[in-house]
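[1] What shape does this take:
(chains A, B, C and D)
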Number of protein chains: 2
Amino acid sequence: MSHPNRERADRILDAAGELLLRMGYRKVAVDDIARAVGIGKGTVYLHWRNKELVFQALMMRESADLTDEILGRIKADPAMIVPHRMISSSFLVTHRRPLVMAMLRGNADMFGSLGDLALRKQQDELRTQFEEAMLRRGLIRSDVPNLTYALNAATLGFYLGDTLSDEFEGVPLEEKAAVLAHLIRTAFEPAGEPDPEAVADVAAELSSALEELVSGYRQGIYAHDPTRAPG
Amino acid sequence: MSHPNRERADRILDAAGELLLRMGYRKVAVDDIARAVGIGKGTVYLHWRNKELVFQALMMRESADLTDEILGRIKADPAMIVPHRMISSSFLVTHRRPLVMAMLRGNADMFGSLGDLALRKQQDELRTQFEEAMLRRGLIRSDVPNLTYALNAATLGFYLGDTLSDEFEGVPLEEKAAVLAHLIRTAFEPAGEPDPEAVADVAAELSSALEELVSGYRQGIYAHDPTRAPG
DNA sequence: GGTTGACCGAAAGTGCGATTCTGGTCAACA
DNA sequence: TGTTGACCAGAATCGCACTTTCGGTCAACC
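    Residues are numbered from 1 along each chain as shown, chains lettered A, B, ... in the order given. Got it, this is the predicted structure:
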């Protein structure tokens, strides 16, 4: 039985991430990763059962880090959770993480078939919880039709815009975030200042939900499967 | 010299469109088109110099028809030009034209390399003109940062949403349009009713610009290149 | 017991000649 | 004069043998 050290696991993921960005999933050989770290190929397999799990772990670590970053901002200022700040801030934070961007753009040649099945489901639940809490506490207007779809569609273009056309390459990321903030604030939030108590409450609720999400991510990253039951 | 009849040209384009949707650009042979119409392959070449021009003509006709449709709505009710109605209505009309949808989704295997270079430029100019007129007459709020980018990004997600994820397939098109209308109205339009005179003026200006656009399209469709200069 | 890298088989890639397809032409025809 | 489809050349596709790559294993080593 093995309990490979975690610091090495992180170095492996570091290398995997770098190579992934540079060459794409298919072109990265497990041996490349091992070489980059300065260890034997077999050692990688002491950490994860196969190649796909290595990259899955990488993406989970990335997601966890990103979520932590957002969590930190909420802790520093609970007012961060009002939709327009939350969403534009997530936009910024996300865009600074090339791996996450590549993932959610579904760059097919970058990722072989990294299914975020359970992951996606968890995020969906979180989003639903977020929306419900916001609605309940009056931080989102109640007259928006089809809220979930509306938020998605309204946001999607900002994430995909520069992928499909280079006509807005010149606009700085911060300005784009500001535009997104304007959009969310005017279209989804009620007029006037939000109730500070509601903000605090929702911030607390959301924080704990995010913490749970992060711990879920982290759990998946370094989990080493026990050797299969003997046949 | 030839002046092939226009009705036949239209039948060719009809067939080309049907085949294009069914099999994609590459798989459609000029001979297939001719067969479908019941004419000889050579006849197609009496209308257009090569295969690509046939499909370019098809897309121009499609664009012209679509623009005409919008134009008709504006004529029937000038208030159609207020942004939220204009944009959501364009959304609906566009989504009912599979060829246009395929085109602007950039379905690479559907279209070989149909460059809408000049076309795109013309549309951009029109959009700019539209925005300026709206701003000038107070039909769009003046506090929206980066207006052009904002409108694009805010709208894009609605066009691409169901391409990338099937999670909103269930939402009827009309409801999506309603969401888009809400978004545009609340985020881009000033509160209160628009000035009827401004509406009428902008409607007139936009109508004539659209008519010009359509006539530009139509001109390109059936234009037969003169035989090359003798070598 | 942790670590390694030679080794294996499957799968992907490569080279190349044979074959089919198809855009475009044009002599013949109506 | 308008229309056609047989014809041609170049491109794409296919078939296939050969080579290379790479995920994953495991006996040997430290």
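
[2] burial count for A:Arg6?
    For A:Arg6, the neighbour count with other C-beta atoms under 10 Å in any protein chain shown is 11. C-beta coordinates here come from the backbone N, C-alpha and C atoms, glycine included.

[3] Could you find the closest non-adjacent residue to it?
    Excluding its sequence neighbours, the residue lying closest to A:Arg6 (C-beta to C-beta, 6 or more residues apart in numbering or on different chains) is A:Tyr222, at 5.7 Å.

[4] Is there proximity between the helix or strand hosting A:Arg73 and DNA strand D?
    Assigned by DSSP states H and E, A:Arg73 falls within helix A:51-76. Yes: using C-beta under 7 Å from any atom of the strand, helix A:51-76 reaches DNA strand D at A:51-52.

[5] buried ones in that helix?
    A:51, A:53-71, A:73-74 (16 or more other C-beta atoms under 10 Å in any protein chain shown).

[6] How about the most centrally placed residue in chain A, nearest residue that isn't a chain neighbour?
    Nearest to the centroid of the C-alpha atoms of chain A, with distances taken as C-alpha atoms, centre = their mean, sits A:Ser63, at 3.9 Å. In space, and not counting its chain neighbours, A:Ser63 is closest to A:Tyr217: 5.4 Å by C-beta to C-beta, 6+ apart.

[7] my read: that neighbour touches A:Ala64, true?
    Yes: using C-beta atoms under 8 Å, A:Tyr217 is in contact with A:Ala64, at 3.7 Å.

[8] how close does the residue nearest to A:Arg6 get to chain B?
    Distance, A:Tyr222 to chain B, using C-beta to the nearest C-beta, to the nearest Å: 30 Å.

[9] List the residues that contact that residue.
    A:Tyr222 is in contact with A:6, A:9, A:47, A:57, counting by C-beta atoms under 8 Å, 6 or more residues apart in numbering or on different chains.

[10] Show me which of the residues you listed is closest to A:Leu21.
    Using C-beta to C-beta, A:Ala57 is the member of the contacts of A:Tyr222 that sits closest to A:Leu21, with 16.0 Å.

[11] Contact partners for that closest one?
    Listed by C-beta under 8 Å, 6+ apart, the contact set of A:Ala57 reads A:9, A:13, A:48, A:220-222.

[12] Sketch out the low-pLDDT regions of chain A for me.
    A:1-3, A:106-120, A:224-231 (pLDDT under 70).

[13] What is the neighbour count of the closest residue to DNA strand C within it?
    Residue of chain A nearest DNA strand C, by C-beta to the nearest atom of the strand: A:Gly42 (2.2 Å). Per other C-beta under 10 Å, the neighbour tally for A:Gly42 reads 9.

[14] any idea which element it lies in?
    Using DSSP H and E, A:Gly42 maps to helix A:41-47.

[15] Contacts made by that helix with the rest, please.
    Contacts of helix A:41-47 (C-beta under 8 Å, 6+ apart): A:2, A:4, A:8-9, A:12, A:30-31, A:33-34, A:54, A:222, A:224.

[16] Among the residues you listed, which pair sits farthest apart?
    A:Asp31 and A:Tyr222 (21.4 Å).

[17] in chain A, which spans are helices?
    A:6-23, A:30-37, A:41-47, A:51-76, A:83-95, A:98-104, A:117-136, A:147-164, A:173-188, A:196-222 (DSSP state H).

[18] State the distance from the residue nearest to A:Ser63 to DNA strand D.
    Relative to DNA strand D, A:Tyr217 is positioned 22 Å away (C-beta to the nearest atom of the strand, to the nearest Å).

[19] Return the residues in contact with that residue.
    Residues in contact with A:Tyr217 (C-beta under 8 Å, 6+ apart) are A:60-61, A:63-64, A:67.

[20] Kindly recompute the last result at 10 Å.
    A:57, A:59-68, A:119, A:122 (C-beta atoms under 10 Å, 6 or more residues apart in numbering or on different chains).

[21] which parts of stretch A:28-47 are buried?
    A:28, A:30, A:32-34, A:36-37, A:39, A:44, A:47.

[22] what's the answer for stretch A:130-146, then?
    Using 16+ other C-beta under 10 Å as the test for burial, stretch A:130-146 gives A:130-131, A:133-134, A:137, A:139-141, A:144, A:146.

[23] now, which of those sits nearest chain B?
    A:Asn146 (5.2 Å; C-beta to the nearest C-beta).

[24] Angles on the backbone of the closest residue to DNA strand D within chain A, please.
    For chain A, the residue closest to DNA strand D is A:Asn50, as judged by C-beta to the nearest atom of the strand, at 3.0 Å. When quoted as degrees, to the nearest 10, the phi and psi of A:Asn50 stand at phi -160, psi 180.

[25] neighbours around it, how many?
    Count around A:Asn50 with other C-beta under 10 Å applied: 12.

[26] how close does it sit to A:Glu205?
    For A:Asn50, the distance to A:Glu205 (C-beta to C-beta, to the nearest Å) stands at 38 Å.

[27] how close does the closest residue to A:Arg105 other than its chain neighbours get to B:Leu164?
    Distance criterion C-beta to C-beta, 6+ apart; nearest residue to A:Arg105, sequence neighbours excluded, is A:Thr163 at 5.8 Å. Separation of A:Thr163 from B:Leu164 (C-beta to C-beta): 11 Å.

[28] So if I had to pick from the two, which one is more boxed in?
    B:Leu164 (15 against 12).

[29] List the contacts of that one.
    B:Leu164 neighbours (C-beta under 10 Å, 6+ apart): A:104-106, A:156, A:159-160, B:157.

[30] right, and the pair among these with maximum separation?
    The widest separation within the contacts of B:Leu164 (C-beta to C-beta) is 14.7 Å, between A:Gly106 and B:Gly157.

[31] ok, those two, which is more surrounded?
    Ranked by neighbour count (other C-beta under 10 Å), A:Gly106 and B:Gly157 place B:Gly157 first, with 24 against 13.

[32] which residue sits closest to the more buried one, ignoring its sequence neighbours?
    The nearest residue in space to B:Gly157 (C-beta to C-beta, 6+ apart) is A:Leu156, at 3.1 Å.

[33] likewise A:Glu69?
    Using C-beta to C-beta, 6+ apart, the closest residue to A:Glu69 is A:Val93 (5.3 Å).

[34] so that neighbour makes contact with A:Met80?
    No: if you go by C-beta atoms under 10 Å, A:Val93 and A:Met80 don't touch, sitting 11.2 Å apart.
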